[in-house]
Every structure is written in C-alpha cells, then in structure tokens.
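Peer 1: Next input, structure requested:
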Amino acid sequence: MNSNELILLAAEYFGVIAVVMLLVLSPRVRGRRKITFIYPRREALYALAGFFVIFALAVIYYERPGSSGLRASLILAGLSALPFIALLFFRRQPLRSAGWGSANLRIGLLVGLALALLTIFLRNRFNDIVRGLPPEQITLLLYWLGICLLEESIFRGYIQPRLAAWLGEIPGWVLVAALFALWRLPLWLSGGQPLSAALPDLGLAFAQGILLGYIQRKTGSVLAPGLYRAISTWIRFLP
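Peer 2: Residues are numbered from 1 along each chain as shown. Modelled structure (predicted):
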C-alpha cells in the first residue's frame with residue numbers, strides 16, 4: 001500500500017468515526033440495547049477457546065494448495081462461524097448475544113448504509129456505480145458481503161461483547177482487534193513471505209479491527225461494521 005492509499009484510508013477512517021459520532025446522537029441509536037452476561041469470565045473463556053479453534057483451523061486451511069482467493073476466504077469464514085454457532089446452540093443463547101438482536105438491527109442497517117455511502121463518496125465511485133456495474137463486480141460484492149458479515153459476527157458479534165464484559169469495554173475492544181489481526185496472519189504467511197514482511201499488514205488489520213470494534217460498540221450490531229467493511233474493501237478493488 002503506497003503513501004497516497006494510506007492517506008486516503010486514514011481520511012476514510014476519520015470520516016467513519018465522525019459519522020458514527022454524529023449518528024449516535026440520535027435518540028434511536030442512543031436507545032440501543034446492550035448485552036450483559038451473568039458469568040462474564042466463563043463466557044469470555046468460551047470465546048477465547050473458540051478463537052484458538054478457528055486460528056488453528058486457519059493455519060491448517062492455508063497450508064492447503066489452492067487456498068487463496070475470495071471463494072476460499074468465504075469457505076473459511078463459514079467454517080469458522082460453526083464453532084460459535086455451536087456455542088450459541090449448546091449454551092442456549094439468543095442471536096442477539098452475537099450482535100444480531102432485532103432491537104439493534106435497524107440501527108446497524110442505518111449506520112452501515114451511511115458508512116457505505118461515505119466510503120463511496122470518499123473513493124469517488126458514485127459515477128461508476130450509477131452507470132452500472134458488470135456482473136463480475138456484483139459477484140465480488142456478494143462475496144465480500146458474505147465474508148465480512150460472517151467474520152464480523154465472530155469477532156465483533158460473539159467475541160468482543162464477552163471479552164468486554166469480563167475485562168472492561170476498552171481492554172476487550174483492543175484485545176479483539178489484536179485477535180482479529182492475528183487470525184489473518186496465516187493467510188499472509190501462506191505465500192512463503194517472512195513474518196517481517198507481514199508486519200505492515202498486521203498493523204493495518206489491527207487498526208481496522210479497532211475501527212470496526214468502535215462501530216460495534218456504538219451500535220450494538222454487527223450489521224454496521226459488516227456492511228461498512230464489505231463496501232470499503234470492495235470499493236478499493238474496483239478497476
């Protein structure tokens with residue numbers, strides 16, 4: 001990523017923070033329902049156990065030949081969601097405890113769409129979208145939506161609220177951003193590059209995790225960070 005792209009990305013992140021800060025002044029957003037846990041330490045340990053399972057899965061998965069590309073990432077995201085779905089089922093917890101509560105769904109959709117529009121505006125892509133996109137670009141968008149919504153359901157939906165309930169809001173938020181970056185490390189190392197070459201990507205993923213966690217904290221929904229991340233990533237790869 002060159003310096004111009006970094007400047008544009010920083011401007012996008014600051015714009016996202018400003019928009020979220022403005023939107024949360026709305027009474028509807030301030031009235032979001034927060035998730036609480038009776039046994040926060042136990043829930044956090046289950047969440048951490050789930051993370052180590054999917055981290056091991058990622059290491060094994062990316063050692064396989066042909067494990068690159070969006071289709072492979074979507075498959076891994078779907079497989080990684082299964083342990084957390086199982087935890088919800090066996091612990092008899094509702095979907096809202098993983099960021100999919102109906103009370104916050106409208107908030108998440110409102111904020112997510114606003115951030116998507118902001119990203120399209122900052123990237124100067126309105127005209128491209130209005131003129132119409134080729135089918136392959138629509139397919140890529142659907143892939144990114146699937147990947148991002150699944151991954152955000154894992155990290156910002158399931159893991160973050162539980163670590164925040166145990167460790168506190170800020171430590172839990174920061175730790176989940178670090179786990180999110182660490183989980184992507186097997187992908188970057190799968191091409192044979194040394195760890196030192198992956199450090200810039202690790203830092204960028206951590207910064208992205210901080211931003212996505214902030215959006216989730218303010219909305220209580222994974223729909224907002226999921227939609228924003230999908231559109232932001234897709235836009236950057238448009239020709």
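Peer 1: Leaving out sequence neighbours, find the closest residue to residue 70.
Peer 2: Among residues not flanking residue 70 along the chain, residue 143 sits closest, at 4.3 Å (CB to CB, 6 or more residues apart in numbering). No exception for glycine: its C-beta is placed from N, CA and C like everyone else's.
Peer 1: Could you look up the SS state of residue 173?
Peer 2: helix (DSSP: H, G, I helix; E, B strand; the rest coil).
Peer 1: For the closest residue to it other than its chain neighbours, list the residues it contacts.
Peer 2: Sequence neighbours aside, residue 213 is the residue nearest to residue 173 in space, at 4.5 Å (criterion: CB to CB, 6+ apart). Taking CB atoms under 8 Å, 6 or more residues apart in numbering, we find residue 213 in contact with 156, 160, 173-174, 176-177, 225.
Peer 1: As CSV, these with distance to residue 202 and neighbour count would be great.
Peer 2: Formatted as CSV, these follow (distance: CB to CB, whole Å; neighbours: other CB atoms under 10 Å):
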residue, distance to residue 202, neighbour count
156, 19, 30
160, 19, 30
173, 18, 21
174, 14, 18
176, 15, 28
177, 11, 23
225, 19, 35
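Peer 1: and residue 91, how many neighbours?
Peer 2: By other CB atoms under 10 Å, the residues close to residue 91 number 11.
Peer 1: Burial check on the nearest residue to it once chain neighbours are set aside, number of neighbours?
Peer 2: Distances taken as CB to CB, 6+ apart put residue 46 closest to residue 91, at 7.4 Å, once the chain neighbours are dropped. Neighbours of residue 46 under the rule other CB under 10 Å: 20.
Peer 1: related to what we said a few turns ago, kindly indicate which of the contacts of residue 213 lies nearest residue 24.
Peer 2: Residue 24 lies nearest to residue 225 out of these, by CB to CB, at 14.0 Å.
Peer 1: Report the contact partners of that closest one.
Peer 2: Neighbouring residues of residue 225 by CB under 8 Å, 6+ apart: 112, 152, 156, 212-213, 215-216, 219.
Peer 1: Select the longest helix from the protein.
Peer 2: As assigned by DSSP state H, the longest helix anywhere in the chain is helix 195-219.
Peer 1: Run the chain-centre distance for it.
Peer 2: Averaged C-alpha coordinates place helix 195-219 at 9 Å from its chain's average position (CA atoms, centre = their mean, to the nearest Å).
Peer 1: Would you tell me what the next helix or strand after it is?
Peer 2: As assigned by DSSP states H and E, the chain's next helix or strand after helix 195-219 is helix 223-236.
Peer 1: The residue most central in space within the chain is in what secondary structure piece?
Peer 2: Computing the C-alpha centroid of the chain and ranking residues by CA atoms, centre = their mean puts residue 152 first, at 3.6 Å. Assigned by DSSP H and E, residue 152 belongs to helix 135-152.
Peer 1: tilt between that helix and helix 195-219?
Peer 2: 80 degrees (axes from the mean of the first three to the mean of the last three CA atoms, to 10 degrees).
Peer 1: After the worst-scoring helix or strand of the chain on mean pLDDT, which helix or strand is next?
Peer 2: Least confident helix or strand of the chain, by mean pLDDT, DSSP states H and E, is helix 27-30 with a mean of 62. Note on helix 27-30: by DSSP H and E, the next helix or strand toward the C-terminus is helix 40-62.
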